[in-house]
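K.L.:
Structure of the sequence below:
(one chain, ligands or ions: 1)
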Amino acid sequence: MTLKHLAPTKKIHSFHPPQRTLLGPGPSEINPRVMAAMSLPAIGYLDPVFVEMMEELKSLLRYVYQTGNALTFPVSGPGSVGMEYCFVNMVAPGDKVVVCRNGVFGGRMIENVERAGGTAIVVEDAWGEPCDPQKLEDALKKNPDARVVAFVHAETSTGVQSDAKTLVSVAHKHDALTIVDAVTSLAGCPVMVDDWDIDAVYSASQKCLSCTPGLSPVSFNDRVVEHVKARKDKIHSWFMDMNLLLGYWGATTRTYHHTAPTNSLYALHEALLLIKEEGLENCWARHHRNHLALKAGLEAMGLNYLVKEGARLPQMNAVHIPEAIRDREAEVRKTLLNEFNLEIGAGLGPLAGKIWRIGIMGYSCKPENVMLCLSALGSVLSDMGLPVKVGEAEAAAHSAYAQIHAQEARKKVANLK
Ligand SMILES: *Cc1c(COP(=O)(O)O)cnc(C)c1O
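P.N.:
Now for the predicted structure:
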C-alpha cells in the first residue's frame, strides 16, 4: 500500500494555547484541580470505580440544581445538546409549544420545536428585557392546547434574567410542562429546580460550572419522565432518547449506550465538588460581589448597562459601546486579546457592534480579573481618545469591594451578638 501525500506542508508542533483571561460569554477559566482531574488515567465506563463516581456526580448535580429529581445527569455534548435532549424527548409531532424569546437562545428553542415536528407559539420580548409573564399568560389563554412552555432563564446574548419561578407557575396554571434553559444561570445565581417546580432543565459545563466544554447537565422531574414514557412514537433521536439513556444513567442498570466521555466526567465531578466545598450560596454571593465591583468600574468609565437594574445577571454584564467608537469596536477586543490576553464578548444579532458582553463566570469570577478588565479596557478606551481617566474605574471598583467587605463584617458582628 502506498500512502497518499496528504501530509500538511507546514511543520506541525504540539498545540500550546496561550493563557488567557476569559471574560466572555463562556467558556470560563478552569480551576487547575479540574484540569488535573481530567488528566487522570482513563478507565472503562462500566468499571465499578467509575460507576461509583457517576453516582457522586449525579448527587453533586442535584445539589447545584437544588433538586431531588432521580433523572439528573450530564448528557454527552455541549449545552445545545442538552437543549435538544429536552425538546426531542418532550415535543411530539403536532404538539404546540409556547416559546418566550428575548434573545439568541430563545430563537434556538423555536428551531428545536420545529425540528421536533411541533408548532411554536412565540411570545416576543425585546432583547435586553426579561420574558413577560403576562404575555405568556395571554398566549396560554389563546392556546389552551399548548403542552409545553420553554424559556431561557439567563439570556447570555443580552445579560438579562427572567423570573423563572413566576413563568413556571403561569405555565402550570395552564397545565403545560416547562423547559428552562439554565446554561448561564446555574451556579452563578439561584436556580431552584424543586422550589420553583421546574419540570425540565438543562445547563452546560463551561459557563458558571467552570469545567471543560462538552457536557450538559440535565434534569427531568417525574412528570416529564411519565410524559416521555407515555409517548406512542419513537423518540426521533436515537442518541438523545431518554428511555435509552436511562439504561446507562438510571438508578439501577449500567448498560452500554454510547461510550461516556470518561475524563470529561472526572473533570465535571471535580468542578462540582469545588462548588460544594465553597457552598452554593457563597458561590452565588461571589458572583454578585464581583458584579457590583465590575459595574462600579464600568459606570465610572461612562459605560451604561443594556439591562435595567433588577433584571441584570451578575455573571453576564452587557454594556453599550460608546457611540464615538462603534465602528472600531472589533479593534478594542483585538487589542484586549493581543496585548492583555483578555477575552470579552461581542454583541450578537441586532446587538452586534452595539454592546460588549463581559462574563464573570465560575473560576473567572474573581477580583483580579475584574481589576484587569477595568484597567485594560480603560487604557484601550483612553488611547482611542475617549474621556476615560485611567485608574478611575479601578478606584470605583475598589470602593465597591470595600463597601461590601464592611457590610459583610457588620453582618458577622450582628450574627455573633
Ligand atoms: C452557551 C449557551 C447555550 C449553548 O451552549 P453550548 O455549550 O454553546 O452548546 C445555550 N443557552 C444559553 C443561554 C447559553 O448561554
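K.L.:
Nearest spatial neighbour of the closest residue to the ligand within the chain, chain-adjacent residues omitted?
P.N.:
Per CB to the nearest ligand atom, Gly79 is where the chain lies closest to the ligand, at 2.5 Å. For every residue, glycine as well, the C-beta is placed using N, CA and C. Among residues not flanking Gly79 along the chain, Ala204 sits closest, at 3.1 Å (CB to CB, 6 or more residues apart in numbering).
K.L.:
doesn't the one you found fall inside a helix?
P.N.:
No - judged by DSSP: H, G, I helix; E, B strand; the rest coil, Ala204 forms no part of a helix; its state is coil.
K.L.:
Secondary structure element for the nearest residue to Ile321 once chain neighbours are set aside, which one?
P.N.:
Of all residues not flanking Ile321 in the chain, Glu329 sits nearest, at 5.0 Å (CB to CB, 6+ apart). In this structure, Glu329 sits in helix 329-340 according to DSSP states H and E.
K.L.:
Show the subsequent helix or strand relative to that helix.
P.N.:
Using DSSP H and E, the helix or strand that follows helix 329-340 in sequence is strand 342-346.
K.L.:
mind checking how far that following strand is from the chain centre?
P.N.:
Strand 342-346 sits 16 Å away from the centroid of its parent chain (CA atoms, centre = their mean, to the nearest Å).
K.L.:
And for stretch 296-307?
P.N.:
Centre to centre, stretch against its chain (CA atoms, centre = their mean), the figure for stretch 296-307 is 23 Å.
K.L.:
Quick check: mean pLDDT of it?
P.N.:
Averaging the model's pLDDT scores along stretch 296-307 yields 98.
K.L.:
Could I get the full set of helices for the stretch 51-200 of the chain?
P.N.:
Secondary structure of the stretch 51-200 of the chain (DSSP state H, counting those that start in this stretch): helices located at 79-90, 104-115, 133-142, 164-173.
K.L.:
so what does the second one touch, helix or strand wise?
P.N.:
So that's helix 104-115. On a contact count with 3 or more CB pairs under 8 Å, 6 or more residues apart in numbering; DSSP states H and E, helix 104-115 meets helix 79-90, strand 96-101, strand 119-124, strand 148-152, strand 154-155, strand 177-181.
K.L.:
related to what we said a few turns ago, how many residues are close by the residue of the chain closest to the ligand?
P.N.:
28 (other CB atoms under 10 Å).
K.L.:
contacting residues for it?
P.N.:
By CB atoms under 8 Å, 6 or more residues apart in numbering, the contact set of Gly79 is Asp181, Val183, Tyr202, Ser203, Ala204, Lys207, Ser216.
K.L.:
Leaving aside the residues adjacent along the chain, what's closest to the third one?
P.N.:
Spatially, and ignoring its direct neighbours in sequence, Tyr202 is nearest to Gly82 (3.2 Å; CB to CB, 6+ apart).
K.L.:
Can you give me the pLDDT of Leu416?
P.N.:
At Leu416, pLDDT is 83.
K.L.:
same question but for Cys283, I mixed them up
P.N.:
So, for Cys283, pLDDT stands at 98.
K.L.:
and it, what helix or strand is that in?
P.N.:
If you go by DSSP H and E, Cys283 is part of helix 280-300.
K.L.:
Mind checking what helix or strand follows that helix in sequence?
P.N.:
Following helix 280-300 in sequence, per DSSP H and E, is strand 316-320.
K.L.:
And the contacts of the helix or strand of the chain with the lowest mean pLDDT?
P.N.:
Using mean pLDDT, DSSP states H and E, the weakest-scoring helix or strand in the chain turns out to be helix 392-416, at a mean of 93. Helix 392-416 is contacted by residues 289, 292-301, 367, 370-371, 374-375, 377-378 when judged by CB under 8 Å, 6+ apart.
K.L.:
ok and it relative to helix 280-300, angle-wise?
P.N.:
Helix 392-416 runs at 150 degrees relative to helix 280-300, counting by axes from the mean of the first three to the mean of the last three CA atoms, to 10 degrees.
K.L.:
Name the residues of helix 392-416 that are buried.
P.N.:
Neighbour-count burial for helix 392-416, with 16 or more other CB atoms under 10 Å as criterion, is recorded at Glu392, Ala393, Glu394, Ala396, Ala397, His398, Ala400, Tyr401, Ile404.
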